[in-house]
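[1] The sequence isn't on hand, but the structure is:
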DNA sequence: GATGAATGAGAGTTCATTCAT
DNA sequence: TATGAATGAACTCTCATTCAT
């Protein structure tokens, strides 16, 4: 708290005029980080075809996940801690990432995507973007641009409903 | 450390006969958890065709990830903390999960799987098993058995190289 | 540290606002004790002849050394501990007791005192004041006032250069 | 205690078969160190004239005090700690250094030395040997052999009774 | 007699929080 | 409203001592 106060240029006690305690400060921080991440990733999310929209989000997510920025590290860390994913956070997350969910819903309504829960579609097609990014960030692997493109394409195809050949 | 000692039914000082300090205790715990997880998930990993082997691992991973067991929570938490993935841990992880990597390598050698780094193949096809499991464990969604099977199948197909139609 | 805090009438943590750690606290204490001792012993050190100045310091040192005051006990204890006489302490000591050293230097310049290093002159003529005082403080001996005076006089004569008889 | 046991090549618990507790171990150690020091310093103490005997002891003491040997450091440290000079230690010390005391008593009986308590004679003439040695050991000064000889001689003359000129 | 694993009180230190100014 | 000195519970770790083997 002392360090936070220092960085903010205020006295330690001042924090407590704006946040009940350390927990609340962190909760608000998480919400803020989440909002930043969402804003960045969902930028221009409505432009283009469904496939273009999906791939744009995938690439933004991947590029964001590759950076060792505080926002990203904080996001990753908190997303996977047990016991800290309160209803409040979930609600915030739900609202912020609504456009992504809507994209999946549209795709299902058009008969383009697999008839699965949007969380499942997310797990199958979007999470790999982050997992790959993590490997790169940690220096475990290095990928060429075309490999990333291939991965992105495979992710898209994963959730695509196979089209019946027409006669 | 006091709580660990209590749970172990020993005095606080006793811990230090077996572990240099808190850090080492945690490191050893992580290695132990990793070994448990690997042993469980890779059980019978060599039986059957490549597809059967993949899907068996996928399902075991998924089922393990659904449980709120200490082993699983600990695994998830540490896997995503920044700055704590030391070379020692990575080495341990690498050795323990070697069979999974080998599966991917075999698939690539047979021309069956996409020519991507095995970490990429893992990200594309295995990580979704854990992500789905996490959603279920947190009560965010509920899936029918056939949906899980579909997800597993889609994951397998994701990394499959499309076969040329024969004439 | 808890005891120090208690005696100071503050909470344990408060100490750490003023001293980095236990070591620094002790270092500062030593410097403070040294300054007190020096100030007391060197009071009026410049008044009178060289002999008067020497004997005043000798008596003050002796009287100080007889007391079981914390300052004295602390002084004696630290002065003889191995490995704790850091450069910083030595520097402080050097500056604080400079007037005593100067007295010896003056005496040598006048051809009055033995041509020895001032530390040697100190060892020969001043240290006995402390050693005697220690014996008294510990109740090992009791001296009459005239005996102390004799000891002081002998100490002075010890470092005096014998004068050639004039014809 | 563990280190002591290691160095002794026994188990930690074994120490307690020979010493009641740490305090007693240290007490016995001090007595042992004292005996060693005394034996070394008082070697051949009875040979020669009083002056020769005094100067031999003085030089041995000085040379011993210059060394950073465990025995010396231990001796210095304990000799100046408050609260640790028990009657038992004092008694031991008294017996071990009896020859030195006897030397002073003989000198007084012969009308050769100042009529002061032997502890005072010690303080005036012997302690400087240790004080000088300490300065040298700590690297604060360096002396030539003839300076040490001079210091020794001055110490002897300090306690010498001035002789009446004969007619 | 000897062992050494176990003990647990106590050490120094940290840090989220409070409150008089 | 802002301050920052003071708080004290809780932390990790040490080490003299014990006792079943």
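    Cool, got the structure. For clarity, every value in this text was computed on a predicted model and none was experimentally measured. Numbers count the residues shown, from 1 in each chain, chains lettered A, B, ... in the order given.

[2] hmm, the helix or strand that contains residue A:134 touching chain B?
    Taking DSSP states H and E as the criterion, residue A:134 maps to helix A:127-137. Yes - in terms of C-beta under 8 Å from any C-beta of the partner chain, part of helix A:127-137 sits within range of chain B, namely A:127-128, A:131-132, A:135. Quick note: C-beta positions are derived from backbone N, CA and C, even for glycine.

[3] Buried ones in stretch A:97-113, by neighbour count?
    A:97, A:100, A:103-104, A:107-108, A:113 (16 or more other C-beta atoms under 10 Å in any protein chain shown).

[4] worst-scoring helix or strand of chain A, pLDDT-wise?
    Lowest by mean pLDDT, DSSP states H and E among the helices and strands of chain A is helix A:70-80, with a mean of 86.

[5] Show me what it packs onto, helices and strands only.
    The contact analysis (3 or more C-beta pairs under 8 Å, 6 or more residues apart in numbering or on different chains; DSSP states H and E) places helix A:70-80 against helix A:22-41, helix A:50-66, helix A:127-137, helix B:70-80.

[6] at 7 Å what do you get?
    Other helices and strands packing on helix A:70-80, by 3 or more C-beta pairs under 7 Å, 6 or more residues apart in numbering or on different chains; DSSP states H and E, are helix A:22-41, helix B:70-80.

[7] Okay, now the unreliable bits of chain A?
    Within chain A, the segments meeting pLDDT under 70 span A:164-167.

[8] and the residue nearest to residue A:35 when sequence neighbours are not counted, what does it touch?
    Leaving aside its chain neighbours, residue A:35 sits nearest to residue A:96 (6.0 Å; criterion: C-beta to C-beta, 6 or more residues apart in numbering or on different chains). Counting by C-beta atoms under 7 Å, 6 or more residues apart in numbering or on different chains, residue A:96 makes contact with A:34-35, A:38.

[9] between those residues, which is closest to residue B:28?
    Residue B:28 lies nearest to residue A:34 out of those, by C-beta to C-beta, at 34.2 Å.

[10] hang on, isn't that closest one packed against residue A:92?
    Yes - contact criterion C-beta atoms under 7 Å: residue A:34 and residue A:92 qualify, at 5.9 Å.

[11] More neighbours: which of those two?
    A direct count of neighbours by other C-beta atoms under 10 Å in any protein chain shown for residue A:34 and residue A:92 places residue A:34 higher, at 21 against 18.

[12] Check the gap between the more buried one and residue C:72 for me.
    Distance, residue A:34 to residue C:72, by C-beta to C-beta, to the nearest Å: 65 Å.

[13] Just send the buried residues of stretch A:97-113 back as TSV, with secondary structure and distance to residue A:23 too.
    Below are those laid out as TSV (DSSP: H, G, I helix; E, B strand; the rest coil; distance: C-beta to C-beta, whole Å):
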residue	secondary structure	distance to residue A:23
A:97	coil	24
A:100	helix	28
A:103	helix	34
A:104	helix	33
A:107	helix	39
A:108	helix	38
A:113	strand	39
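
[14] right, and out of those residues, which lies closest to residue C:152?
    Nearest to residue C:152 among the buried residues of stretch A:97-113, with distances taken as C-beta to C-beta, is residue A:97, at 90.0 Å.

[15] To what extent is whichever residue of chain A sits closest to chain C buried, counted in neighbours?
    The nearest approach of chain A to chain C comes at residue A:2, 11.6 Å away (C-beta to the nearest C-beta). By other C-beta under 10 Å, the residues close to residue A:2 number 9.

[16] what about the nearest residue to residue A:25 once chain neighbours are set aside, distance to residue A:73?
    In this structure, residue A:25 finds its nearest non-sequential neighbour in residue A:19, 4.1 Å apart by C-beta to C-beta, 6+ apart. Distance of residue A:19 to residue A:73, computed by C-beta to C-beta: 21 Å.

[17] Pipe the contacts of residue A:96 into JSON lines and attach distance to DNA strand F per row.
    Shown next, in JSON lines, are these (distance: C-beta to the nearest atom of the strand, whole Å):
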{"residue": "A:34", "distance to DNA strand F": "26"}
{"residue": "A:35", "distance to DNA strand F": "24"}
{"residue": "A:38", "distance to DNA strand F": "29"}
